[in-house]
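J.: Quick check, what structure comes out for this input:
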Amino acid sequence: MSGSRLHRSFQALILALLGLFLLNKLWNGTVLWYINSRFLPLTVIGAFGLLWLAQVRLANLQSTGEAEPARHASSPSTWGLLVLAFPILLGLLIPPAPLGASAVANRGFAAVAPARAGGSPAQLELLPTDRTVLDWVRAVNYGADPAAYAGEPADVIGFVYHDPRLTAGEFLLARFTLTCCVADAAAIGMIVRWPAAAELATNGWVRVQGPVQLGELEGRRMPVIEAQSVEAVPPPDQPYIYN
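T.: Sure thing, here's the model as predicted:
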């Protein structure tokens, strides 16, 4: 087999593997650790598109046979194949995992919700116990009267992050919001006051219940839960909150 035919065969193989790789992520749900759910239809189309391109590449290869124009006989670049195969190699070498406390330490923590959050006034009217961490941050930052939320009961889940800016007996109940993909993910959260805060494992998921008060972190307004209970819970199937 000529070098050009072998190169194109590998191209078809890598395209097929990329398509199967995406389908596998769709099947096991881990694709949602990387993109917003509204992009799932495009991902499905992309996966089947890659499989179709691989099939077309193989069909063209079989139809042309060994006879090829001289312009195809030049040495093909191996770098192109490596670039094409890189996402597969990356996906196999690095186990899939959602963003967590280590990402907060690297990216920082947003005391306010993303700008788009202010465009959903209906979500500010949810029942207190139905609000997520993001809903509480929205209410405090975009509500007409943030003080009106003081004393309302919260029932939220998130992962534990021990922020060095907090005092003893406090931790951040954090979640990541996603608009498009993990590249624009932002960590937000609520301060939780709990006497045994130091005993909670970093990155562990907990359910926190208790009344909400208004507080500050470095001059920025934040919701604070005066926790009445903090219990460990398994990580949710979808750890992100879509913005």
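
J.: And the strands in the protein?
T.: Secondary structure of the chain by DSSP state E: the strands cover 153-161, 170-178, 186-193, 205-217, 220-226, 229-232, 240-242.

J.: In a markdown table: these, plus distance to Ile35 and mean pLDDT.
T.: For every residue, glycine as well, the C-beta is placed using N, CA and C. Below are the strands of the chain laid out as a markdown table (distance: least, Cβ to Cβ, whole Å; pLDDT from 0 to 100):
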| stretch | distance to Ile35 | mean pLDDT |
| --- | --- | --- |
| strand 153-161 | 20 | 96 |
| strand 170-178 | 8 | 93 |
| strand 186-193 | 15 | 93 |
| strand 205-217 | 22 | 93 |
| strand 220-226 | 28 | 91 |
| strand 229-232 | 28 | 96 |
| strand 240-242 | 10 | 89 |
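
J.: Let's have those strands in TSV, adding mean neighbour count and distance to Leu42.
T.: As requested, the strands of the chain are exported to TSV (neighbours: other Cβ atoms under 10 Å; distance: least, Cβ to Cβ, whole Å):
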stretch	mean neighbour count	distance to Leu42
strand 153-161	22	29
strand 170-178	24	15
strand 186-193	23	22
strand 205-217	17	30
strand 220-226	20	35
strand 229-232	13	36
strand 240-242	17	15
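
J.: Tabulate these (a markdown table), appending distance to Ala105.
T.: Below are the strands of the chain laid out as a markdown table (distance: least, Cβ to Cβ, whole Å):
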| stretch | distance to Ala105 |
| --- | --- |
| strand 153-161 | 8 |
| strand 170-178 | 11 |
| strand 186-193 | 10 |
| strand 205-217 | 16 |
| strand 220-226 | 18 |
| strand 229-232 | 21 |
| strand 240-242 | 18 |
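
J.: between these, which gets nearest to Leu6?
T.: strand 170-178 (40.9 Å; Cβ to Cβ).

J.: just checking, Leu50 touches Leu13?
T.: No. Using Cβ atoms under 8 Å, Leu50 is not in contact with Leu13, being 11.4 Å away.

J.: With neighbour numbers in mind, choose between those two.
T.: In this view Leu50 and Leu13 are compared by other Cβ atoms under 10 Å, and Leu50 has more residues nearby, 20 against 16.

J.: Pull out the buried positions in stretch 84-97.
T.: 84-85, 91 (16 or more other Cβ atoms under 10 Å).

J.: ok, those vs Asp237, which is closest?
T.: Gly91 (19.9 Å).

J.: Which strands or helices does the worst-scoring helix or strand of the chain on mean pLDDT pack on?
T.: Lowest mean confidence among the helices and strands of the chain (mean pLDDT, DSSP states H and E): helix 78-93, at a mean of 77. Judged by 3 or more Cβ pairs under 8 Å, 6 or more residues apart in numbering; DSSP states H and E, helix 78-93 is in contact with helix 3-28.

J.: any low-confidence regions in the chain?
T.: Where the chain drops to pLDDT under 70, the residues are 1-3, 64-77, 110-124.

J.: Residue ranges of each domain in it, please.
T.: 3-93, 101-242 (automatic domain parsing).

J.: most neighbours per residue, which of these?
T.: domain 101-242 (a mean of 17; mean count of other Cβ atoms under 10 Å).

J.: what about stretch 199-208, distance to the chain center?
T.: Centre-to-centre, stretch 199-208 and its host chain are 19 Å apart (Cα atoms, centre = their mean, to the nearest Å).

J.: For that stretch, measure first residue to last.
T.: Between the opening and closing residues of stretch 199-208 there is a gap of 15 Å (Cα to Cα, to the nearest Å).

J.: Please give me every residue in contact with Thr30.
T.: Pro96 (Cβ atoms under 8 Å, 6 or more residues apart in numbering).

J.: repeat that for 10 Å
T.: 24, 91, 95-98 (Cβ atoms under 10 Å, 6 or more residues apart in numbering).
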